[in-house]
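K.L.:
What follows is a predicted structure for the sequence shown.
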Amino acid sequence: MSCSSKEDDVYIPVAYNLEIPQLFADKLIPPVIPADNPLTIEGVALGKKLFFDRILSGIQTQSCAHCHKLQEAFSDRSQFSEGADGNLGSRNSMPLFNLAWNFEELFAWDGKEFGLENQVIEPIVNPIEMHGDLKEITKRLNEHDRYPDLFQLAFGTSKISGDLVAKAVAQFMRTIISANSKFDRYLLGEATLTAAEENGFNVFMSEEKGDCFHCHGSNNNPLWTDNQFHNNGLDETFTDLGLGAISGDPADNGKFRSPSLRNLTFTAPYMHDGRFSTLEEVINHYSEGLRFSETIDPLMKKVNDGGVGLSDQDKDDLKAFLLTLTDEEFINNPAFKN
């Protein structure tokens, strides 16, 4: 076998061993890995290189990592990220981790992209984001001094296409896993919770108090999201229709995908439009800030009361619990660094 870039040489990429966290293996079905894009060592390495390379933006000033920073759990501390041409979007950058367990495979806040490969391409060509042209980008990559050889190793061809770019980046993104928070270790019997953290978890799980678990997971769902779309009582009327703009169904207006509650320490501001700067603001929203609209989720059972009405102590304890979902190891993982 040969590692040369010649088309008539044969090189078989080496299968990538995706290490499934114990809690995920115990409580979740296997991750989504498309049959036509299996993980390989060469594909993941190529995808990582592309993720951090500005060559994918229109004027070569931004990479995917510009709006998805490791130290911010692959999100962006800015309310709205600045695109390649200086334009601001209208939604907060979603964090990127545990994406291979999004079993519905609907990505973005509004579910507009089906499959991670499609989601990879969308920001690259979006005129408000990276504002790239796939034809021009693949031309640059094909003329690059290294990329044709790397694509040859990963996919058996040095002829680079947008489809292969998407496959490579998606491979890397499927390896981005966060599963070593204090609460993970608690569930594995390797850590103990404080009294405040334990009460906060009980508030989270209680239908009479926080009632958070329906949308945001539990000790039996380590993703800490259902990856479904909900109207969580942010507004009475909508300037952003969310899922409704994609489905065309007015019953979906104001619905957005539930984000994971992992790594909230790193992912402020919160909500699809980054309107809340702190966890206290988020908790207060559900406690006394709910607003009724025709499409509000039935799970917002206390909307007529303005919210679930938590005591100050329960609010403090709920925050303490949420912070146990912080994974310091994740944001320092050398496998995810440029």
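P.N.:
Cool, got the structure. Numbering: from 1, shown residues only.
K.L.:
only C-alpha atoms for contact and neighbour calcs from this point on.
P.N.:
Noted.
K.L.:
All the helices of the protein, residue numbers only.
P.N.:
Under the criterion DSSP state H, the chain contains helices at 22-27, 41-51, 116-125, 134-142, 147-155, 162-174, 182-187, 195-205, 213-216, 243-247, 279-288, 312-323, 328-331.
K.L.:
List the contacts of the first one.
P.N.:
Going back to what we said before, that points to helix 22-27. Contact with helix 22-27 is made by 184, 188, 220-222, as judged by Cα atoms under 8 Å, 6 or more residues apart in numbering.
K.L.:
Put the alpha carbons of it into PDB.
P.N.:
Provided in PDB are the C-alpha atoms of helix 22-27 (Å, rounded to 0.1, in the frame of the first residue of the first chain):
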ATOM      1  CA  GLN A  22     -19.700   5.000  30.000                       C
ATOM      2  CA  LEU A  23     -22.900   6.900  30.800                       C
ATOM      3  CA  PHE A  24     -23.700   7.400  27.100                       C
ATOM      4  CA  ALA A  25     -23.200   3.600  26.500                       C
ATOM      5  CA  ASP A  26     -25.400   2.800  29.500                       C
ATOM      6  CA  LYS A  27     -28.200   5.200  28.800                       C
END
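K.L.:
out of the helices of the chain, nearest to Ser260?
P.N.:
Ser260 lies closest, by Cα to Cα, to one member of the helices of the chain: helix 213-216, at 6.7 Å.
K.L.:
show me what contacts the residue nearest to Asn37 when sequence neighbours are not counted?
P.N.:
Excluding the flanking residues, the one nearest Asn37 by Cα to Cα, 6 or more residues apart in numbering is Lys167, at 6.4 Å. Contacts for Lys167 (Cα under 8 Å, 6+ apart) come out as 37, 47, 117.
K.L.:
Closest one of those residues to Ser311?
P.N.:
Nearest to Ser311 among these is Glu117, at 44.3 Å by Cα to Cα.
K.L.:
What about that closest one, how many residues nearby?
P.N.:
When neighbours are counted by other Cα atoms under 10 Å, Glu117 registers 21.
K.L.:
Make sure it is actually in contact with Phe172.
P.N.:
No. At 10.9 Å, Glu117 does not count as touching Phe172 under the criterion of Cα atoms under 8 Å.
K.L.:
quick one: the strands in the stretch 201-338 of the chain?
P.N.:
Applying DSSP state E, counting those that start in this stretch to the stretch 201-338 of the chain gives strands spanning 229-230, 256-257.
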